[in-house]
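> here is a sequence together with a model predicted from it:
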Amino acid sequence: MGLDADDADDGFKTWMGFRCLMRRKQVDSVHKARADGRHHLAKRLTALQLIAIGVGSTIGAGVYVLVGTVAREHSGPALTISFLIAGIAAAFSAFCYAELASRCPSAGSAYHYSYICVGEGVAWIIGWALVLEYTIGGATVARGISPNLALFFGEGSNLPFFLGRVYIPWLNVVADPCAALLVLIVTCLLCLGIKESSLVQAIVTTANVCVLAFVIIAGAYLGFRNGWPGYEIPSGYFPFGVKGMLAGSATVFFAYIGFDTVASTAEEVKTPHRDLPLGIGVAVFICCSLYMLVSIVVVGLIPYYAMDPDTPISSAFATYKMHWVMYIITAGAVMALCSTLMGSLLPQPRVLMAMARDGLLPSFFADINKHTHVPVNSTIVTGIFASLLTFFMDVSQLAGMVSVGTLLAFTIVAVSILILRYVPPDEVPMQASFQEPTNSASHQYGSSSSGDKKSTKDPGVCLSDSDRYLLGRRESSVEHPLISKMKRSNEQKRRRIAAWNIALACIGVLLLTSASLSEYLPGFARIAISGIGALLLLCVLIVLSMIDQDVGRHSFGHAGGFICPFVPFLPVACILINVYLLMNLGSGTWIRVSVWLIVGALIYLFYGRNHSLLQNAVYVPTAHAEEIYRRSSEYVA
């Protein structure tokens with residue numbers, strides 16, 4: 001098809017990687033699976049298992065500590081409202097995830113969605129950031145298990161000598177063999193299969209929920225019997241004001257991170273269009289309810305300023321001479337950490353597998369064991385790396401890097417929803433196996449002009465007019481050609497307006513959040529830039545709400561799933577919240593994340609972009625794709 005030739009200017013652009021950054025893949029389909037002939041993950045997960053995975057990955061030991069810290073420093077008795085506001089903000093992202101997960105039920109979560117809706121460059125950044133998030137997150141969680149577990153071993157709160165932490169002078173590190181061993185045990189469990197690992201996680205999560213239920217019931221009994229002394233304080237319900245309550249919401253928002261693990265298992269769900277939205281939504285609702293109920297009880301038992309920031313729940317019960325509750329709380333914390341550890345290590349192999357399937361990483365990571373139907377190679381590599389990191393390094397100072405990956409993923413998923421609704425991909429990449437039928441179909445319905453020949457000889461560039469003519473030919477059979485041309489022109493104009501407004505929405509969010517948080521700008525400049533950003537967002541919302549959404553959204557991906565409500569307002573609010581939280585992260589965190597992203601950019605530059613499966617792909621209109629697939633089948637036969 002003339003894919004070998006290339007002029008100097010286009011060759012320079014391709015070498016620079018500008019064009020490959022915008023390559024978009026299609027939603028995984030029967031045709032694509034038949035073309036690559038790969039093994040698939042086993043579809044064994046139900047809605048109940050997804051809920052257990054979502055709750056177990058979200059509710060960590062932070063709830064046993066977070067209530068004390070946030071109540072003392074930010075919210076006071078208004079901690080419950082902080083959890084509610086954070087839960088609503090998390091639900092915004094959950095709604096976006098639910099629609100994309102049901103429409104595009106393949107492994108990879110936010111990486112997969114951004115590759116379909118935005119482009120290869122952004123998808124690589126998101127995937128690489130998720131790898132960092134899950135690795136650091138798993139290591140951080142594992143490091144937190146051994147101190148809690150040590151409380152059950154003797155009065156000195158020490159683990160057995162072969163599991164206890166030990167200082168290595170010549171490395172100047174405190175090794176944690178217990179945490180490293182737990183990571184390896186969880187890795188072995190994940191290698192057995194998704195059904196087995198999800199069953200264990202469901203059991204551990206149930207035990208953790210039972211501990212929280214005990215805290216709620218026993219605490220409510222003590223509170224009613226003693227008149228809720230925590231609420232009888234002179235400073236009132238908002239001792240730090242509404243601003244303090246909102247600051248507490250921003251802090252506890254990270255307690256909801258984890259439901260995206262459900263989306264990463266999309267390919268292993270029996271009925272994805274129904275169970276994925278149900279699993280994500282119910283998991284967020286359960287977590288928000290538990291957080292609110294625990295906070296109601298704990299801040300009511302003792303005044304917020306008397307709480308122990310490290311052990312708020314245990315200290316609250318100890319005030320009423322119930323010291324034995326400490327062991328129940330500690331057991332719950334251990335269960336929560338173990339469940340969160342499984343939730344941290346479960347998604348990363350699937351992200352690596354998805355990236356390897358697309359050619360951006362070596363095919364070694366894409367291999368799926370034919371007996372257990374899980375990516376064993378990726379799981380083992382993930383487990384060994386996380387175990388070594390856990391053993392040799394105290395990763396608490398790196399914990400902020402976990403938030404970057406999550407918030408970037410949440411942001412790009414919201415952007416993907418806007419793209420899906422207003423400018424969904426209208427072209428499908430065809431691999432080499434389909435190029436002969438594509439060529440014959442193009443010659444049947446019309447030949448390319450001289451201007452079109454340039455587009456058909458470039459890999460990863462759309463065939464545009466020659467193949468679009470097929471759709472136009474069908475329309476012209478029932479309508480006047482001039483009417484069809486006007487409709488196509490109006491539709492192209494609407495898509496351009498929508499695309500520019502989505503871009504302007506992102507710019508407005510950046511202006512508003514960066515100016516409002518900048519401490520170095522003069523007051524007038526901050527107000528002016530924030531006003532420009534807010535005005536830009538308002539104009540974008542007005543324009544997007546007035547123009548029609550793309551009819552192509554109805555045929556995008558798998559139909560019949562969850563539909564995100566209140567578009568464009570909800571996705572834009574989601575982008576604003578997540579970017580604001582990203583801007584709040586410290587400069588040290590961003591410097592460390594930047595180093596990781598630069599390493600990833602080099603890997604993509606020298607390996608990923610040249611091995612991508614879309615390297616030699618040719619794009620055709622979506623409406624023409626089915627005919628090409630049919631012609632491919634006839635051609636092969």
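Received the coordinates, thanks. Numbering: from 1, shown residues only.
> could you list the buried residues of the longest helix that the chain contains?
Criterion DSSP state H: the longest helix present in the chain is helix 481-517. Buried residues in helix 481-517, counted by 16 or more other Cβ atoms under 10 Å: 484, 494-495, 498, 501-502, 504-506, 508-509, 511-516. Glycine gets a C-beta too; all of them are placed from N, C-alpha and C.
> now do the buried residues in the helix or strand containing E99.
Secondary structure assignment for E99, by DSSP states H and E: helix 79-103. By neighbour count on 16+ other Cβ under 10 Å, the buried set for helix 79-103 is 79-87, 89-103.
> then stretch 417-424?
Buried, per 16+ other Cβ under 10 Å, within stretch 417-424: 417-424.
> doesn't P309 fall inside a helix?
No - P309 is assigned coil when assessed by DSSP: H, G, I helix; E, B strand; the rest coil, not a helix.
> now do the SS call for P429.
P429 ends up strand, using three-state DSSP.
> hey, where'd the helices end up in the stretch 351-500 of the chain?
Remark: helices assigned in the stretch 351-500 of the chain by DSSP state H, counting those that start in this stretch are 376-392, 400-422, 435-445, 450-456, 465-476, 481-517.
> weakest of these by average pLDDT?
If you rank the helices of the stretch 351-500 of the chain by mean pLDDT, helix 450-456 sits at the bottom with a mean of 40.
> could I get the full set of strands for the protein?
For the chain, the strands defined by DSSP state E occupy 166-168, 173-175, 427-430, 618-621.
> where does the protein dip in pLDDT?
1-18, 28-39, 154-158, 396-397, 431-480, 484, 623-637 (pLDDT under 70).
> returning to what we had before: now the buried residues of stretch 417-424 as CSV including distance to K43?
What follows is the buried residues of stretch 417-424, written out as CSV (distance: Cβ to Cβ, whole Å):
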residue, distance to K43
I417, 25
L418, 30
I419, 28
L420, 24
R421, 28
Y422, 32
V423, 31
P424, 26
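> relative to Y604, which of those is nearest.
I419 (21.5 Å; Cβ to Cβ).
> can you tell me which residues contact the spatially closest residue to that closest one that is not a sequence neighbour?
Leaving out its chain neighbours, the residue that sits closest to I419 by Cβ to Cβ, 6 or more residues apart in numbering is C117, at 4.5 Å. Contacts were defined as Cβ atoms under 8 Å, 6 or more residues apart in numbering; by that measure C117 touches 24, 415-416, 419-420, 424-425.
> mind redoing it with 7 Å?
416, 419-420 (Cβ atoms under 7 Å, 6 or more residues apart in numbering).
> go on, V200?
L189.
> re earlier: tell me which of the strands of the chain sits most buried.
Mean neighbour count (mean count of other Cβ atoms under 10 Å) peaks for strand 618-621 among the strands of the chain, with a mean of 24.
> which elements pack onto that strand?
strand 427-430, helix 435-445, helix 465-476 (3 or more Cβ pairs under 7 Å, 6 or more residues apart in numbering; DSSP states H and E).
> would you mind measuring from S315 to G68?
8 Å (Cβ to Cβ, to the nearest Å).
> quick one: which of the two has more around it?
G68 (23 against 19; other Cβ atoms under 10 Å).
> excluding its backbone neighbours, what's nearest that one?
P312 (2.8 Å).
> one more: L535?
Using Cβ to Cβ, 6+ apart, the closest residue to L535 is G508 (7.9 Å).
> measure the one you found to C564 for me?
21 Å.
> I136 too?
Distance from I136 to C564, by Cβ to Cβ: 29 Å.
> next: P303.
In terms of Cβ to Cβ, P303 sits 42 Å off from C564.
> my guess is G332 contacts V211. True?
Yes - using Cβ atoms under 7 Å, G332 makes contact with V211 at a distance of 3.0 Å.
> so between the two, which is more surrounded?
In this view G332 and V211 are compared by other Cβ under 10 Å, and G332 has more residues nearby, 25 against 20.
> mind giving me the packing neighbours of the helix holding E99?
helix 62-70, helix 241-252, helix 260-264, helix 272-301, helix 400-422, helix 569-584.
> ok now stretch 510-530, how far from the chain's centre?
Distance, stretch centre to chain centre, for stretch 510-530: 29 Å (Cα atoms, centre = their mean, to the nearest Å).
> quick check: end-to-end length of that stretch?
9 Å (Cα to Cα, to the nearest Å).
> show me what that stretch is in contact with.
So stretch 510-530 is in contact with 532-534, 536-537, 579-580, 583-584, going by Cβ under 7 Å, 6+ apart.
> ok, of those, which come out buried?
For the contacts of stretch 510-530, buried by 16+ other Cβ under 10 Å: 533-534, 536-537, 579-580, 583.
> who's in contact with C338?
C338 neighbours (Cβ under 7 Å, 6+ apart): 145, 204.
> relative to R592, how far out is it?
27 Å.
> alpha carbons of stretch 348-362, as PDB, please.
Only the C-alpha atoms of stretch 348-362 are listed here, as PDB (Å, rounded to 0.1, in the frame of the first residue of the first chain):
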ATOM      1  CA  GLN A 348       0.400  -3.600  38.400                       C
ATOM      2  CA  PRO A 349       1.000  -6.900  36.500                       C
ATOM      3  CA  ARG A 350      -2.200  -6.200  34.500                       C
ATOM      4  CA  VAL A 351      -0.900  -2.700  33.600                       C
ATOM      5  CA  LEU A 352       2.400  -4.100  32.600                       C
ATOM      6  CA  MET A 353       0.600  -6.800  30.600                       C
ATOM      7  CA  ALA A 354      -1.600  -4.300  28.800                       C
ATOM      8  CA  MET A 355       1.500  -2.200  27.900                       C
ATOM      9  CA  ALA A 356       3.300  -5.200  26.600                       C
ATOM     10  CA  ARG A 357       0.300  -6.300  24.600                       C
ATOM     11  CA  ASP A 358       0.500  -2.900  22.800                       C
ATOM     12  CA  GLY A 359       4.200  -3.400  22.100                       C
ATOM     13  CA  LEU A 360       5.300  -0.600  24.400                       C
ATOM     14  CA  LEU A 361       7.100  -3.100  26.700                       C
ATOM     15  CA  PRO A 362       8.800  -6.500  25.900                       C
END
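> all helices for the stretch 51-200 of the chain, in order.
Using DSSP H, counting those that start in this stretch, helices in the stretch 51-200 of the chain cover 62-70, 79-103, 110-117, 120-149, 177-192, 194-226.
> so which of those helices is nearest G281?
That would be helix 79-103 among those, by Cβ to Cβ, at 6.2 Å.
> what angle sits between the closest one and helix 62-70?
140 degrees (axes from the mean of the first three to the mean of the last three Cα atoms, to 10 degrees).
> quick one, helix 79-103 and helix 569-584 angle?
120 degrees.
> what angle sits between helix 79-103 and helix 241-252?
40 degrees.
> residues contacting the residue lying closest to P347 once chain neighbours are set aside?
When the adjacent residues along the chain are set aside, P347 lies closest to S264, with 3.6 Å between them (Cβ to Cβ, 6+ apart). By Cβ under 7 Å, 6+ apart, S264 lies in contact with 107, 109, 346-347, 350-351.
> cool, and G258?
54, 57-58, 340, 343.
> how far away is it from L246?
Taken as Cβ to Cβ, the span from G258 to L246 is 22 Å.
> could you do R592 as well?
Taking Cβ to Cβ, one finds R592 at 27 Å from L246.
> before we move on, what about D310?
In terms of Cβ to Cβ, D310 sits 25 Å off from L246.
> for those two, indicate the residue with more neighbours.
Ranked by neighbour count (other Cβ under 10 Å), D310 and L246 place L246 first, with 18 against 11.
> nearest spatial neighbour of L398, chain-adjacent residues omitted?
The nearest residue in space to L398 (Cβ to Cβ, 6+ apart) is I136, at 5.2 Å.
> test my guess that L360 contacts I125.
No - L360 is beyond contact range of I125, at 11.3 Å (criterion: Cβ under 7 Å).
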